[in-house]
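Novice: My questions concern the predicted model and sequence given below.
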Protein chains: 2
Amino acid sequence: MFANARWLLRKRIMDQIRDVRIVECKESVYVKPYRLEFTQNGRKRAWDLCKTHDSVACVVYNSSREKLLLVSQFRPAIYMNRILEKTFPIDTTKYPGSLGLTLELCAGITDKDKSLEQTMQEELEEEIGYKVPLDRISKITSYRSGVGTQGACQTLYYADVKDEDKVSTGGGNESEGEMIQVIELSTDEARNVIFDESVMRTPSMLFGLQWWFAHKFDKR
Amino acid sequence: MFANARWLLRKRIMDQIRDVRIVECKESVYVKPYRLEFTQNGRKRAWDLCKTHDSVACVVYNSSREKLLLVSQFRPAIYMNRILEKTFPIDTTKYPGSLGLTLELCAGITDKDKSLEQTMQEELEEEIGYKVPLDRISKITSYRSGVGTQGACQTLYYADVKDEDKVSTGGGNESEGEMIQVIELSTDEARNVIFDESVMRTPSMLFGLQWWFAHKFDKR
């Protein structure tokens, strides 16, 4: 029935997802809708928006092992989008949690009192377990995701890491409930995953990989 | 103070944005928050989500003119994200509407009773004014945007068009309030805009252009 990201699952320990239900959402800290009114070229318009956070993300290449380092996690938003019959609680034997597993760049939101580079450095250690000096975290560019309702800015970095930079297994901030798994891809696997729709990828990850092949790998 | 996307503005007729204010947003048709509860690996979690629409987007190359065809429009979400002092009504002499102008792929949401390809075909005619046969609209891949709260699927296409396919000036569906301007880029301009942060670009557009250079242009 579903493309089950078999390729990703071979690399991953599965998350067990159970008891999925919808509850009332009155005052969300994360989803804060508001309406903007404005006049555009003499015409009155209104647009509903959502407050959101800017973020950082990083293309990580381990040159000791010749692997690209990505992260995988269960994303409720993607899981829900893939469920056709939304009757609750969800039948998780029919719709397993693997439907919501992503393959993403190491990333994080920038709500802290730190520079973007420092935030990226912290996320690299927290999520993938590499302690990378700031002078090896270089900016690629920034862009706007979610032009419809959010418009947040994501700044994209590149880091070339080595085995000796590894200080922990990563996995995310457990106190924040993060359950993140590091996924190492060979360059062949990375090239193929750009077009593998059975794996839930983000456009920033696809851009990051495509950039890496054009500007790093294929130039060697 | 701001990078004002001078490069984009040279190509664009400016939108006049006035009377920007926030009003109450009780029952939005566009932003519908809900809360999901679930158990992940034995741990109870909750996540706030937003209902959203899947979409289609297209990398368009006009081979008669050797130009990439993109669209530009005023995006309230990006405008608001770039305003530092949120006092209303916004001082639009200090924060001109140009702050919210994007450079995007021709795209549209797929809430209609049509195939993805047909929807893409309609958007190509509506937004950029080209009537493209279905057999010249080929799929690149699909991916998930907004992994945090939305998780929608965007399917990305490629279309090689010619001057004789042009049937109108495009500009979007006026009855839906769309005010879209077609932007033609030379291949040099397109290569540069990938890294030009003064222009508000989306990650899917950056992936699309980077894909086009890797798989079409540089292979010729």
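Specialist: Ah, there it is.
Novice: need the helices for chain A, in chain order.
Specialist: Along chain A, the stretches classed as helices by DSSP state H are A:6-11, A:76-81, A:116-123, A:187-193, A:203-212.
Novice: Turn the ones you listed into JSON lines, columns for mean pLDDT, mean neighbour count and distance to residue B:164.
Specialist: Glycine gets a C-beta too; all of them are placed from N, C-alpha and C. Shown next, in JSON lines, are the helices of chain A (pLDDT from 0 to 100; neighbours: other Cβ atoms under 10 Å in any protein chain shown; distance: least, Cβ to Cβ, whole Å):
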{"stretch": "helix A:6-11", "mean pLDDT": "74", "mean neighbour count": "14", "distance to residue B:164": "42"}
{"stretch": "helix A:76-81", "mean pLDDT": "94", "mean neighbour count": "24", "distance to residue B:164": "39"}
{"stretch": "helix A:116-123", "mean pLDDT": "97", "mean neighbour count": "20", "distance to residue B:164": "47"}
{"stretch": "helix A:187-193", "mean pLDDT": "96", "mean neighbour count": "16", "distance to residue B:164": "36"}
{"stretch": "helix A:203-212", "mean pLDDT": "98", "mean neighbour count": "25", "distance to residue B:164": "31"}
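Novice: so which of those gets nearest chain B?
Specialist: When the helices of chain A are compared by Cβ to the nearest Cβ, helix A:76-81 sits nearest chain B, at 3.1 Å.
Novice: from the middle of its chain, how far away would that closest one be?
Specialist: From the chain centre to the centre of helix A:76-81 is a distance of 13 Å (Cα atoms, centre = their mean, to the nearest Å).
Novice: How about residues contacting that helix?
Specialist: A:17, A:20, A:86, A:95, A:97, A:99-100, A:102, A:200, B:36, B:38, B:47, B:49-50, B:52, B:54, B:144, B:146-153 (Cβ atoms under 8 Å, 6 or more residues apart in numbering or on different chains).
Novice: what about the residue nearest to residue A:164 when sequence neighbours are not counted, neighbour count?
Specialist: Counting by Cβ to Cβ, 6 or more residues apart in numbering or on different chains, residue A:64 is the residue found nearest to residue A:164 once chain neighbours are left out, at 7.6 Å. Residue A:64 is flanked by 11 other residues according to other Cβ atoms under 10 Å in any protein chain shown.
Novice: what does the one 3 residues further on give?
Specialist: Residue A:67 has 18 neighbouring residues, counting by other Cβ under 10 Å.
Novice: do residue A:149 as well
Specialist: Other residues close to residue A:149 by other Cβ under 10 Å number 24.
Novice: how about it, phi and psi?
Specialist: phi -120, psi -10 (degrees, to the nearest 10).
Novice: Contacts only, for it.
Specialist: A:48-50, B:30-31, B:50, B:77.
Novice: Those residues: which two are farthest apart?
Specialist: Greatest spatial distance in the contacts of residue A:149: B:50 and B:77, 12.7 Å, computed using Cβ to Cβ.
Novice: overlap in contacts of those two?
Specialist: With Cβ under 8 Å, 6+ apart as the test, residue B:50 and residue B:77 both reach A:50, A:149.
Novice: Not counting sequence-adjacent ones, nearest residue to the residue of chain A most remote from its centre?
Specialist: What lies farthest from the middle of chain A is residue A:42; by Cα atoms, centre = their mean that is 39.5 Å. The shortest distance from residue A:42 to any non-neighbouring residue, by Cβ to Cβ, 6+ apart, is to residue B:16 (7.3 Å).
Novice: Thank you, goodbye.
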